[in-house]
Every structure is written in structure tokens, then in C-alpha cells.
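# sequence first, predicted model second:
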Amino acid sequence: MLSLLLLLQAATGRIDGTVSTDAGEPIVGGTVAIAALGRRVETDGAGRFTFSGLRAGTWRLTVSAERFESTALSVEVSADRAVRIDIGLTPLDPDRARPALEIEVRAADDGSPIDLATVELAGQTRTSAGGRVVFRDLAAGPHRLRARRLGFVAIDTVVLARDGTGRVALRLVPSPRDLPTLDVVASTSRGATPISAPGDLAGGLLTGFARLSHRELETVPPTFEPDVLRALQATTGIGGANDINAHLAIRGGAPEHTLFLLDGAPVLGPYHMFGLFGAFNPDAVDDAQVLRGSLPARVGGALGAVVSLRSARPDSLRITGGATVLTSRLAASGPLGGAGSWLLAGRRTNLGFGKSGPFDLDVPYWFWDVQGTLRLAPGRDQEITVTAYGSGDKFSEDLFFVDQGSAPLFSTWTNRIASASWRLARPSGWGASLGLWLSEYRSSLAIGDTTLRADSASTNGTTRLSGVTVAVGRPLPRGSIRFGAGLTVNRAALLGDSVAPGYLDDRVDRRVVELSASAELEQWIGPIALAPSLRLTRWDRGGGWSLEPRLAARWESKSGWSVTASVNRTEQALFALRDDRLPILGVPFWSLPDSLEPRAGATSVELAVQGAVAAGWTVEASIFHRRLSGLPRWRPTGKRDLSQLDFDDGTASGLELSLARRAGTLTGWVSYTPLIAKVQEGAGASYRPLWDRRHALDAVAQLRVGRWLYLSHRLTVATGQPFWVEQGMFAGAEFDPVTGTARQRSDAPFPIWSSTQGRLPLYFRADLTARATWRVGGVRIVPFAGLVNLTNRRNVTGYRAQPGGLQGTIEYLPRRQLPRVPVLGVDFTIGQERR
Amino acid sequence: MTRHGWRGFGWALTALALGCGEPAAPDIPDLTDGALLVFGVLEADSSRQLIYVEQTDGLPITRLDAVLYEMAPDGSERAVAVATPVEGQGTGYAMLFEAEVRPGRRYRVAVTAPGRPSASATTTVPGDFSIETLDAAGDPPGSAGLSARWTTSANAHRYIVNVRAEPDCVTNAPVCEGFGLPWAGVTAAPAIDTVVPPSAIPADRTRGVEVAIYAVNRELFEYFTTGVGGPFTVQPKQNVEGGYGVLGAWTRRARTIAR
């Protein structure tokens, strides 16, 4: 691998250029030199020159010619690329001997010369070149000097010119500035290659699609610590189940209906701490893409939305990291000499097993995650991406539950993912891609025994997905065409131990092989586009074929507004076991139904309008209706075994309205999402799923105050969730070996639920975070502090019946969500900042 | 401040007022319908069948009627006994059927109380069976190995094998003490080969050791093994329609080993 890196580092580029007069006449015999290499060439009869065999990087050129002023400039050279530059020289001032005041303009942090700074002195305006600018014929005395350059703090001062000569050194303080975004009309798919990078969902006639950059994810005030999934919860159309979970419920689908991808590979159970946080290190992620709308055939196989995260693709060496009270994280990344990039990232909790923190804290929880990505660009249009990811959680504690006594709980779960992909994406002609991935998720849960042994753990689960995908596609004159195929092996094994009271009392080991083929076409006719696609899947069990068609149509105005309509069908076989009466979902276990019929499926119809209302402001509105079928429902009334798994049908209808501003001093978004979701049980009864929020208003705003302070605010107001009402407390029965009789047990009553639903009161939460951005030397330091649930609103996540409810009047006590919680942390970046 | 600024300020104040307040009262339907809790185990070959009936709403039960029906294979049923209360204090009663239930037969218990939903549950008594072999090695018996075989009991979901010293609840009444730690094994097959912990049998050699095998039907066994509190509460398996609880049955066979 090292040799490969060295080989890549050795990739070279070249500089081709001309030297001419201000009037455009070529200068013959001029000298162009790269002092760092000791190389020097002369311009030919046409004023041309060439440097070849240059390593990728920045080179300083000095250009001189007789009777012309010399100049110097920096040129960025990329591997396997030719850089063309045209240099104009100014004839020597015949009055060069006249008195001159030289202004030197350099950056305050690293002392580098600043080009293109505007310098005004004594009514004259000059532009700096090579970090200097000269003023002549100045009258003696004080003169107002002003210098400004985008990205630096302007200087306005007074200099004293004694005799019109001298030297003034200016040091400009860097001050990165958010530039207004350029609204790009969504016509990129017209004639673009349909072979996208791994994990890149963009392209085609998508609806309900959002891409949040790393910086936009930073905009959302952190809940305890920076977290990608929690940030996504505050975006349009995405609801969390409650304050506790980082789960994403989208368009009436359960959290497990959302497919997570990391560089194109599926991620099962992408959570830490029983779902409190997402398992992705924010430093390792370039952007998060969310596709809430109908899935094109190239994605398919998921009942609901798709959340795709892509590893950071740095263009310069960068070390980032941060720490909160809970975790520390570090990431290093950099380019591979213009031929790709690399990334290594890790995160873990600050305290954990085998380690006592300050004050002798006995911390029962520990988690970690690591991620490494190598991206190679062996040719102009080719890209190879290799990603490895691992995460682990471990928990052991003697938990005390109100009314239920204490219970030792031991839990571990791990994720291991490896993926490799090759992509040939030509601007014209056929492109192709090949992807391989393996994703394994293991989870264990034991109650009543804090030592995790195979014979004592209540439930062990292993879910392993492996797959290979191929795709070919090409741009058409006004559209594109793409064909794909895939082979996936899904295996889900669950071992439940009936000895200890645990999560599952069953043993299953199932495997399903899935063979799929897809075809997509996109064709523009004037301002209208049509995009039919079809995904066909054959399973080796359950019989039959799965057919996932999609048809999308878009009209696009010249001003960038578009209207898109789509209808599609999608299906999903693998699902997470979830006792949906538990508001806190806990460690997920995945399973496959014994028979794949019926499979969970969704048929969706949608209409979306999007466009820009003003510079930097975008608006989007979507109305949708989804019919859901074969939804797994696991609501065991006795022991938790899979024989009690049922399949329901349902509907979800809603509207998503959002207004976003992604540039300027004030950035953020406001979204309003009314949603009605209903599930029909097989027997005819119906219920509201936990994510039937009815009305949800999310607002996220970031205000830049001065040069270095950012205030981030998040506000969520939503209808309370539905929940099942506890019927009361129930005393169970047991066999008494002493007397050989059955008797009621009154020492450990437990709750039983009714089949009646209530609805929680209105939910409100406001978070506020202040982030300072300081640059010390070459290090950007960002300390942040904030409050979660600023108003200390006592939101509830459910109600429990008073003990003895079945022996007396029932009284419901609320289970509280997050109280006001302080958040403290610091992030840092060495090298170029993230975009 | 501009008009838009004031408007934004107003919205912010409204939001803060909303957020500072306490959540409104929950929208919880009234579930106190007065349903009854019924718990009973029918024991084959016994002439006394006890059930326990309790209210769930805190209000006293003014009158309670319970009838035991034997069901024919064709679905018809005949009343075999009417219960009489033997113990209780207004909110819960133990009710006694003076009737013998037979192995392999199906029975229904119906409970009614004025102003409350009627509760009803059916159960099938596990079939007749007999112990074929029983070997209890060591002292106390079984401590060096307990091996037993018995014929299959129709409709038995599990067999509970109970080893204990002969009960002496008369002299130790009201609390039967001196049995050591209780021990019971569970098996799905009509056989068991195991070792009984010596601590399960008291050192008192004046009493023999009883090995009892209970053929337990499914609803009763599942009720025993569910109803677990803790972080992942398991609800009880119940079979009472119109109420709560379980009506199960077992058939018991036992042998005593002299010491």
C-alpha cells in the first residue's frame, strides 16, 4: 500500500503558458523560472514556454524580460493535467527612479503574500501582486491608507510619507466569509452521466431530496454532542420518535424503514447508546443526503426513505477533531497527490469500562467507531473508493426501574462494514460502475446476568448482508440511460434464550438471496422531462418476483422553478424487530420473515414544487400519499417470539413545506410537515403509529454575530405522539414448588397495555448553541456551549399507570423527556476548513 | 425596529410563552370499565376447583356468580357446578366449585357481576397419564440422579417435575416451613434425567420425598412464564375474554419415596 501511495504521489502535471506585453504582443526571450526547482526556460518566438514533469502542488513562478517589470505568481498544478496561463508584463516605468512607497500585503496568520488586494492611498488605487504594491509621487505628509481583500479584515489607517519613499508592511487578519450561494437550475441531469459516485443519490428527477453539507449539519445545535442523525431530525419532513432516540421517521414510515448507506454500503442499526446518538463521526462525513420521495430503480429495496452518507473527500491535508463531555474524536485526511484522497477517523467515549473517571465515576457505557476511506483516481474519469467502518457499544448496569425493581442489563452491539467500488464516469459515452460490500451487525442483550456468555445471554443477533452491484449508463443528447444489476445475500440469525427473561424467546436463522435488475431512462423534451424506471427482484424464497416501477415527470421553467410528479412502488424484506409499545426502542435486532409473502411494500404518489424565491432563498413544497402493505407488527402479548409477528396495511398522507436560506449572515430553514398516518391491523382494528405527528414545525437558524461568534437555534413544535395507554399494573402467577400449587405473585407487578391509544400533549423544544471561531496560528478552534430544551419544557414520552391500577383507581404519571441540559465542547481544524 | 422585526419579536415571544408552559393534560381515554380479573387452575381428578376473582376499578363487588361448564366436542356445554365464595372482602373473592374435572375434557368458567362486563375463559384439562419408572439415587433421593419416565398426557404443553419433602402443613400451619429450597424441573418430553440439588430436600428423614409430575396445558404454562417486569416488560399470556387473567389446568401424578 505504501508503494502505491508513493507511486500516486509521483504523478506529475505540466504548465503551458505565454508571456506577452500589456498590449498582447508576445515577448520573445523572456525568462520564466521556478526557483524551488532551479529550473529556468526562455519564451520562444510566440512567447510560449512549458514546464513538464511537475509534481502536483503549488509552484512559484518568476517572470522577467528586458525592459519589462518582473513579476511572480503561484500556479496550482494537478497530476496528469496541463495548466495553461497567460502572463502579461508591464513595460519598465521610465520614471522608475522616482520616489516610491512600497506597501507589502501579507496574511497575518501564516505571513503568505496576498495577491489581488485592493490598496488605496492618496486617491490612487492599486491591486497587489506578489504581495506588494507601489505608489509613486506621493506628497510628503500623512495619507489615508486602506486595504481590503475578500476573506480578510479590511485595514483603514494613516501612513506618514516623509519624502514619498519608504516601506509599509500590512498584515491582514483572515476572516472567512460565507458567500452567497449560486442557485443552480436543476438541469444537471440533462445529458449528464448517470453513473454516480458511491452513495451519491443526486441526479435524475428526484423529489424530497436534500443534501446537507458538513457545515450545514453544524448549523443544528447539538444534543449532547455533534451528531449527524440528530441534525437530520431537525430537517424538513423528518421526525424523531422522541427526545431520546436519534431515529428518523419519514413520511409515515417506521425508523427501520429508512435505509442507511455509507459510501453506498447498507448500515444496520446505525446508532450508539440504544439509539441516543447516530453511529457516524461527523468529522468523517462530507455530506448527508436524504431521499424522502419516491425511490428510483437504482436505489429500490427500501420501504421508506434513504439516508446516504459519504466519506470526506479532502483536497488538502486536514486534521479535525473535537471533544464533548461524552466523547473525543479525531480525523485526518488529505489528498493523494491529485490522484485521490485518504481519510482516517475515530471516536470513542471519554469514560467507560475498566476506567474510572474523575470523582471515581463508575461509567457503565462505552462506545467507539472508526472509519477509513481511500479514494483513488487512476485516470481522468475513473475512481476507486474503498471504505472500512466499525463501531461498537457496550453497556452493563444494574438498572433500577420504578415499580419494577432492579434488573441487571448487559448489552453489546457492533457494526462492521467494508465496501469497494470502481466507477468510470465519462462525460460522454458509456460509463460503468462495480460495487462490492459486506455489512455485518451483531447485537446481544442479557437481562439478569451481567456476564455475557453464549448460554446466558437472553438474545443474540447476527445480521449479515453482502452484495455486488454493477451498472452501465451513458448520457443521451437530452437525458440519460442506465442499467443495473445486483446480487445480495441477506442472512439474519437470532438466538433467544428462554431461561432469562429477555427480549426474544425464539431461535431463527434465515437466509435470502436476492437477484435484482434495474433500468432507468430520463429524457427531456423542451422544458418537460420523463423518467420511467423499473427494478425487478427475484428472491430464492417466498416465491414470485418483486416489481418496483417508477414514473416521474418534471416541468422546469427558465427561472429555475420546477414541478415534479412521481408514482412508484417499492418493497423491503429485511426488517428490525420492534415491540412498538416500547417508546424507547433499545438495541435493534434484525430479522427476516419466515415467508417473504407478504413483503413490506409501499406505493407512493407525489407532487413537488421547488424553486428560488430570492437570492439565497429556496422553497419547496411536496404533497404525497403512500399506501403501505405488509408492515411487520410485533406486539407480543406473552413471550416475545416471532410466531406473534403480524403484517399490517396502512396509509400515510402529508405535506412538506420548507423555506431555506443557505447563505448570508442569517442561514437556516423553516419547515412545516402535517402528516396523517394510520395502520390497519389484519383483524380490522386500526391504530396510529408512533410517528403520526399530525403537525410538526421545525426551524433552524444560525446567526453570525461579528467576526467570530455564531448563534445556532433550533425550534420544534409538534403535535404529541400517539401512545398506547397502560391498562394498569398486573400481578402475575407462578408455580410454587414448595406447595406444588399455582399462586398469584404480588411482589412484582408489571404493566399491561390496553389496545386503546391516547395522544401526548403538544411537544415543544428549543435549543440554543453559541460557537466561537478562533484561529490560532494555523489552527481553527471552535469552542461551543449551549442548552438543550432551553425553556425546560417538561415534554413527556408516555404515561405509566400507578402501581396497583388493577386493584384501584388508575392514575397516570408522565414519563419525562429531556430536561434542560447543558452542552459543552470544542472542535478544531488544522489545515483548510471544511466546506 | 422595522415592522418585520417587531413581528418576528412577537413570534419569538409567543414561542417562548408556549415553550415555558407545562404540557397540557394528556388525552387518555377512560379505561376503567370494571372488568374482572379471574385466575384459576382446574386440577384433574380433584373434587374441589378454586378460582380467584378480583375487581380492577377499586369498587367493591356487590354480587358475584360463577358457573363451571363442561364442553362437548360438538361445542355444546352443560353446567356442572355453581361456585360459592369461600373467602373474600368485597373487592376480591376465592370461589369454590364442588366438582371434579376429568382429564382430557374441556371446561368453561363464566363469571358475572352486576354492572361489570362478564368474564369467560375456557381450558382443556391435560389427558390422563401414569408414571412408568422412577429412580431417585443418593441421599437425599435424587441428589445422585433423578430419572423418571411417564406416559404422554394429551394436550400437555410442558411437564413440571416437582421434588420436595412430604408436606407437613398441619403441624407447621399456617406457614409450611422446613422444605428447604424449592426445586422444580420443566420438560417437554415425558421423561426427565437430572440431579436434584441436596439443598432442595431437608435433612429431616422422618418424612419421605414426593416426586410429583404436573402435566400443564399451554395457557397455564405460558402464563407462568410471562408477566415479567424490568426494562423489557413481557405481558402475561391471558385467556379471559371480557376481563383479565388466566384459566388453566393440570393433571398431577405423584409418587412418594421413603427414606
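Looks like it arrived, so ask away.
# tell me which stretches of the chain form helices.
Looking at chain A here, since you left the chain open. Ranges of helices within chain A are A:2-9, A:214-219, A:228-233, based on DSSP state H.
# meant chain B actually
In chain B, the helices defined using DSSP H lie at B:3-20, B:218-224.
# rank these by mean pLDDT and give me the bottom one.
Mean pLDDT is lowest for helix B:3-20 out of the helices of chain B, coming in at a mean of 62.
# contacts only, for residue 26.
Here I'm looking at chain A. Shown in contact with A:P26 (C-beta atoms under 8 Å, 6 or more residues apart in numbering or on different chains): A:T18, A:V19, A:S20, A:T43, A:G45, A:A46, A:G47, A:R48. No exception for glycine: its C-beta is placed from N, CA and C like everyone else's.
# try chain B instead
A:G720, A:G758, A:R759, A:L760, A:P761, A:V796, A:Y799, A:Y812, A:P814.
# highest neighbour count among those residues?
Ranked by the number of neighbours (other C-beta atoms under 10 Å in any protein chain shown), the contacts of B:P26 place A:L760 first, at 27 neighbours.
# was I right to think that one contacts A:V725?
No: applying C-beta atoms under 8 Å, one finds A:L760 not in contact with A:V725, separated by 11.1 Å.
# and the residue nearest to B:A136 when sequence neighbours are not counted, how far from B:T256?
In this structure, B:A136 finds its nearest non-sequential neighbour in B:G142, 4.3 Å apart by C-beta to C-beta, 6 or more residues apart in numbering or on different chains. According to C-beta to C-beta, to the nearest Å, B:G142 and B:T256 sit 13 Å apart.
# cool, A:F367 as well?
57 Å.
# tell me which of the two has more neighbours.
More neighbours surround A:F367 than the other of A:F367 and B:T256, with 24 against 12 (other C-beta under 10 Å).
# wait, what's in contact with that one?
A:H272, A:M273, A:R348, A:T349, A:G352, A:S391, A:G392, A:D393, A:K394.
# and if we set it to 10 Å?
Neighbouring residues of A:F367 by C-beta atoms under 10 Å, 6 or more residues apart in numbering or on different chains: A:271-273, A:276-277, A:279, A:326-327, A:347-349, A:352, A:391-395, A:412-414.
# give me the subset of those residues that lies in strands.
The strands, defined by DSSP state E, take in A:271-272, A:277, A:327, A:347-349, A:391-395, A:412-414 from these.
# neighbours of the residue of the stretch 551-700 of chain A found nearest chain B, how many?
Of all residues in the stretch 551-700 of chain A, A:G638 sits closest to chain B, at 3.3 Å by C-beta to the nearest C-beta. A:G638 has 19 neighbours, counted by other C-beta under 10 Å.
# returning to that earlier point: who touches both of A:L760 and A:V725?
In contact with both A:L760 and A:V725: A:G798, A:Y799, B:P26, B:D27, B:I28, using C-beta under 10 Å, 6+ apart.
# max pairwise distance over the residues you listed: which two?
Across the shared contacts of A:L760 and A:V725, no pair lies farther apart than A:G798 and B:D27, at 12.6 Å, counting by C-beta to C-beta.
# joint contacts of those two?
Shared contacts of A:G798 and B:D27 (C-beta under 10 Å, 6+ apart): A:F723, A:V725, A:G758, A:L760.
# report the two of these separated the most.
A:V725 and A:L760 (11.1 Å).
# from chain B, how far out is the residue nearest the centre of chain A?
Nearest to the mean C-alpha position of chain A, by C-alpha atoms, centre = their mean, lies A:A288 at 2.4 Å. Here the criterion is C-beta to the nearest C-beta, to the nearest Å. By it, A:A288 lies 27 Å from chain B.
# buried residues in stretch A:371-386?
A:Q371, A:G372, A:T373, A:L374, A:R375, A:L376, A:A377, A:E383, A:I384, A:T385, A:V386 (16 or more other C-beta atoms under 10 Å in any protein chain shown).
# I'd say the first one and A:Y389 touch.
Yes: under the criterion of C-beta atoms under 10 Å, A:Q371 makes contact with A:Y389 at 4.8 Å.
# overlap in contacts, the two.
Counting by C-beta under 10 Å, 6+ apart, the contacts common to A:Q371 and A:Y389 are A:L262, A:D263, A:A279, A:F280, A:N281, A:A284, A:L309, A:S311, A:A345, A:I417.
# ok, the residues you listed vs chain B, which is closest?
A:A279 (21.4 Å).
# and the shared contacts of A:L760 and A:V725, which is closest to B:V80?
Closest approach between these and B:V80, by C-beta to C-beta: B:I28, at 42.1 Å.
# which residues are in contact with that closest one?
The contact partners of B:I28, by C-beta under 10 Å, 6+ apart, come to A:F723, A:V725, A:E726, A:T756, A:Q757, A:G758, A:R759, A:L760, A:Y799, A:A801, A:I810, A:Y812.
# is it true that the first one touches A:W753?
Yes: with contact taken as C-beta under 10 Å, A:F723 and A:W753 are classed as touching, separated by 9.4 Å.
# so between the two, which is more surrounded?
Comparing A:F723 with A:W753 by other C-beta under 10 Å, the one with more neighbours is A:F723, at 24 against 19.
# contact partners for the more buried one?
A:242, A:581, A:583, A:688, A:690, A:753, A:757-760, A:796-799, A:815, B:26-28.
# contact partners for A:A254?
Residues in contact with A:A254 (C-beta under 10 Å, 6+ apart) are A:241, A:247-248, A:303-304, A:575-576, A:578, A:580, A:585, A:600, A:628, A:631-633, A:650, A:677, A:679, A:689-691.
# 7 Å instead, please
By C-beta atoms under 7 Å, 6 or more residues apart in numbering or on different chains, the contact list for A:A254 reads A:P689, A:W691.
# and what of B:L146?
B:A136, B:V163, B:I192, B:T194, B:V195, B:V196.
# which among these count as buried?
The buried subset of these (16+ other C-beta under 10 Å) comprises B:A136, B:V163, B:I192, B:V196.
# check contacts around the last one.
It stands for B:V196. B:V196 touches B:G142, B:S143, B:L146, B:V163, B:W183, counting by C-beta under 7 Å, 6+ apart.
# got the confidence number for the residue lying closest to A:R48 once chain neighbours are set aside?
Closest residue to A:R48 apart from its sequence neighbours, by C-beta to C-beta, 6+ apart: A:T18 at 5.3 Å. pLDDT, A:T18: 87.
# okay, now A:T18: neighbour count?
Neighbours around A:T18, by other C-beta under 10 Å: 19.
# that one: what's it in contact with?
A:P26, A:G47, A:R48, A:D86.
# so where's the stretch 551-700 of chain A uncertain?
Low-confidence segments of the stretch 551-700 of chain A, defined by pLDDT under 70: A:580-587, A:596-598, A:683.
# where do the strands sit along it?
Secondary structure of the stretch 551-700 of chain A (DSSP state E, counting those that start in this stretch): strands located at A:562-572, A:575-577, A:589-591, A:600-614, A:617-634, A:645-661, A:666-672, A:675-680, A:686-687, A:696-705.
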